[in-house]
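In: Give me a 3D structure for the following:
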Amino acid sequence: MLNIVILAAGQGKRMQSNRPKVLHTIAGRSMLAHVINGARALAADNIVVVVGHGAEYVQQAFAAQPDLQFATQQPQLGTGHAVLQAVQQLKEDGRDDVTIVLYGDVPLVQTASLQALLDAQGQGVAVLTEYLSDPTGYGRIVRDAQGKVCAIVEHKDASPEQRAITEVNTGILAAPTAQLKTWLAKLTNNNAQGEYYLTDVIGMAVAEGLAVNVAHPGAAYETLGVNSRAQQAQLERLWQLELARRQLEAGVTLADPARFDVRGNLTCGQDVFIDIGCVFEGTVELGAGVYVGAHCVLRDVTIGAGTRIEPFSHLDQAVVGVDAKIGPYARLRPGAALADRTHVGNFVEIKNARLGVDSKANHLAYIGDADIGERVNIGAGTITCNYDGVNKHRTVIEDDAFIGSDTQLVAPVRVGRGATLGAGTTLTHDAPPEKLTVSRAKQLTIEGWKRPVKKV
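Out: Here you go, the predicted model:
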């Protein structure tokens, strides 16, 4: 039985925020969400989140996730006291029950490192440790003459000799659940900070003859915590560089890995090119050979192979087929579905509309709540007038239609197959197939008219 306790009760005063610290984000996802996802990746049987400051906001943020339990720490009297609040919710079935303790403000511990911690635990205790050139502020890993871990001493309680130790405690540990419950009940706060230290259980384990083993994280960023906006920004950049490295290894070309932001999940085929300043949010899938120009924002989109997205385009909850051309300065809003080889050009907005194969809207158009067939040309300045002030209505344009520039289609309306709408038309009734439909006032020239002049 694998229990995971996540400590998320701290206020985070240095964040200077009304929001609980663990709800601040790294890569578009709250720090606590990162930790919970890591716990799930280990196939934990039981996840308990210990909340305190802003508990109602933290619980509300994860209310729709039934695999989570919550315990409350109030007041906050140290890490040992925090884990003690979860004791009643730790499960045991007698089959090598283990509890791992994680931290809601240490968001980027990877599954491989946690698995290494579990492997090191065996029948004893395992601690995730690191070697730091400057260990100031960290608890030191104290070893005996045989090199075995015998204690963890917090920085404020350490002697000068102990402060010289460079192996430090990350706070993350794995322990047998039954023994951990017993040790937590024995903790005291006889220390420099007057707190109940979780690290004191290491000494108790040693006293009982249990082995205390160590594991190390795969990368330094994994155990970095966030206590300030500056640390949050630093960790954000480190993680984005790691995400960039993974994309590069997968065959993606990044114009500048330092100017690349993923705030969700990005999946790319081979030979994708991503220019500077692009942001990917939610779930984004880019097919092979996709080109994404500078300063584009893509959120929850799927882009077919060979499609080219020019700079400054925004795509949100849209689907684009293969070999399409989007932008520059195009906007695809939720419900936009573009088929293969479609063109959507500069300052064109598409919302809840479908464009068929080889259809084009190359400039300055709004296509909303519409079904556009194949090989349709949408002229500059075209608007589907889909909203009557109360309800939305759809426009249907059938295959091979040609829509002239500066046309307004007042929905609900249908343009027949192969129809042509002359420039400047305001269409309020269906246009028949294979015919030219024009709606214009008669052009007049007024003889003798003079332009007014400004009065002096």
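In: Confirm that residue 246 sits in a strand.
Out: No - assessed with DSSP: H, G, I helix; E, B strand; the rest coil, residue 246 is helix; it does not lie in a strand.
In: count of neighbours near it?
Out: 13 (other C-beta atoms under 10 Å). C-beta: built from backbone N, CA, C; applies to glycine.
In: how near is it to residue 252?
Out: Taking C-beta to C-beta, to the nearest Å as the measure, residue 246 falls 9 Å from residue 252.
In: cool, and residue 147?
Out: 44 Å.
In: between those two, who's got more neighbours?
Out: Neighbour count, other C-beta under 10 Å: between residue 147 and residue 252, residue 252 has more, with 22 against 7.
In: Now do the contacts for the more buried one.
Out: 268, 272-274 (C-beta atoms under 8 Å, 6 or more residues apart in numbering).
In: Out of those, who's the most crowded?
Out: residue 274 (28 neighbours).
In: hey, where'd the helices end up in the stretch 101-250 of the chain?
Out: 111-121, 160-163, 177-186, 200-207, 229-249 (DSSP state H, counting those that start in this stretch).
In: Convert the C-alpha atoms of the shortest one to CSV, please.
Out: Written as CSV, here are the backbone C-alpha positions of helix 160-163 (Å, rounded to 0.1, in the frame of the first residue of the first chain):
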residue,chain,number,x,y,z
PRO,A,160,30.2,24.2,12.9
GLU,A,161,31.5,20.8,11.9
GLN,A,162,28.0,19.7,10.8
ARG,A,163,27.5,22.9,8.8
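In: ok now that helix, how far from the chain's centre?
Out: Distance of helix 160-163 from its chain centroid, counting by C-alpha atoms, centre = their mean, to the nearest Å, is 41 Å.
In: and what of the last one?
Out: Between the mean C-alpha point of helix 229-249 and the mean C-alpha point of its chain there is a distance of 13 Å (C-alpha atoms, centre = their mean).
In: Check which residues of that helix are buried.
Out: Neighbour-count burial for helix 229-249 flags 232, 235-236, 238-240, 242-244, 247 (criterion: 16 or more other C-beta atoms under 10 Å).
In: Check the second one too.
Out: By neighbour count, and taking 16+ other C-beta under 10 Å as the criterion, the buried residues in helix 160-163 are residue 162.
In: Now do that helix: which elements does it pack against?
Out: strand 140-143 (3 or more C-beta pairs under 8 Å, 6 or more residues apart in numbering; DSSP states H and E).
In: which residues sit against the strand it packs on?
Out: In contact with strand 140-143 (C-beta under 8 Å, 6+ apart) are residues 127, 129, 149-153, 155, 158, 162-163, 165, 167-169, 214.
In: Quick one: buried ones out of the residues you listed?
Out: Burial by neighbour count, 16+ other C-beta under 10 Å: within the contacts of strand 140-143 this picks out 127, 129, 149-153, 155, 158, 162, 165, 167-169, 214.
In: can you tell me which of the residues you listed are in strands?
Out: Counting by DSSP state E, the part of the buried ones among the contacts of strand 140-143 found in strands is 127, 129, 149-153, 167-169, 214.
In: Include pLDDT and distance to residue 112 when you put those residues into JSON lines, please.
Out: Shown next, in JSON lines, are these (pLDDT from 0 to 100; distance: C-beta to C-beta, whole Å):
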{"residue": "127", "pLDDT": "96", "distance to residue 112": "17"}
{"residue": "129", "pLDDT": "96", "distance to residue 112": "16"}
{"residue": "149", "pLDDT": "93", "distance to residue 112": "22"}
{"residue": "150", "pLDDT": "92", "distance to residue 112": "28"}
{"residue": "151", "pLDDT": "90", "distance to residue 112": "28"}
{"residue": "152", "pLDDT": "91", "distance to residue 112": "23"}
{"residue": "153", "pLDDT": "92", "distance to residue 112": "28"}
{"residue": "167", "pLDDT": "96", "distance to residue 112": "20"}
{"residue": "168", "pLDDT": "95", "distance to residue 112": "20"}
{"residue": "169", "pLDDT": "94", "distance to residue 112": "20"}
{"residue": "214", "pLDDT": "96", "distance to residue 112": "16"}
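In: how about the residues you listed in a markdown table, adding distance to residue 302?
Out: Formatted as a markdown table, those follow (distance: C-beta to C-beta, whole Å):
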| residue | distance to residue 302 |
| --- | --- |
| 127 | 43 |
| 129 | 43 |
| 149 | 50 |
| 150 | 55 |
| 151 | 54 |
| 152 | 48 |
| 153 | 53 |
| 167 | 47 |
| 168 | 44 |
| 169 | 44 |
| 214 | 44 |
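In: With adjacent residues omitted, what lies nearest to the spatially most central residue of the chain?
Out: Most central in the chain under C-alpha atoms, centre = their mean is residue 264, positioned 2.8 Å from the mean C-alpha point. Closest residue to residue 264 apart from its sequence neighbours, by C-beta to C-beta, 6 or more residues apart in numbering: residue 282 at 4.4 Å.
In: So that neighbour, which state does it fall into?
Out: Strictly by three-state DSSP, residue 282 counts as strand.
In: ok, residue 7 to residue 222 distance?
Out: From residue 7 to residue 222 the distance is 17 Å (C-beta to C-beta).
In: Who has more neighbours out of these two?
Out: For residue 7 versus residue 222, neighbours defined as other C-beta under 10 Å are more numerous around residue 7 (28 against 24).
In: any idea how far residue 266 lies from residue 303?
Out: On the measure of C-beta to C-beta, residue 266 and residue 303 end up 11 Å apart.
In: make that residue 163, sorry
Out: Residue 163 is 54 Å from residue 303, by C-beta to C-beta.
In: swap in residue 447?
Out: For residue 447 relative to residue 303 (C-beta to C-beta), the value is 57 Å.
In: Also residue 411?
Out: For residue 411, the distance to residue 303 - C-beta to C-beta - is 28 Å.
In: more neighbours, residue 447 and residue 303?
Out: residue 303 (28 against 5).
In: need the contact list for the more buried one.
Out: Contacts of residue 303 (C-beta under 8 Å, 6+ apart): 284-287, 290, 309, 315, 320, 324.
In: want to throw those into JSON lines with pLDDT?
Out: Listed next are these as JSON lines, based on pLDDT from 0 to 100:
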{"residue": "284", "pLDDT": "98"}
{"residue": "285", "pLDDT": "98"}
{"residue": "286", "pLDDT": "98"}
{"residue": "287", "pLDDT": "98"}
{"residue": "290", "pLDDT": "98"}
{"residue": "309", "pLDDT": "98"}
{"residue": "315", "pLDDT": "98"}
{"residue": "320", "pLDDT": "98"}
{"residue": "324", "pLDDT": "98"}
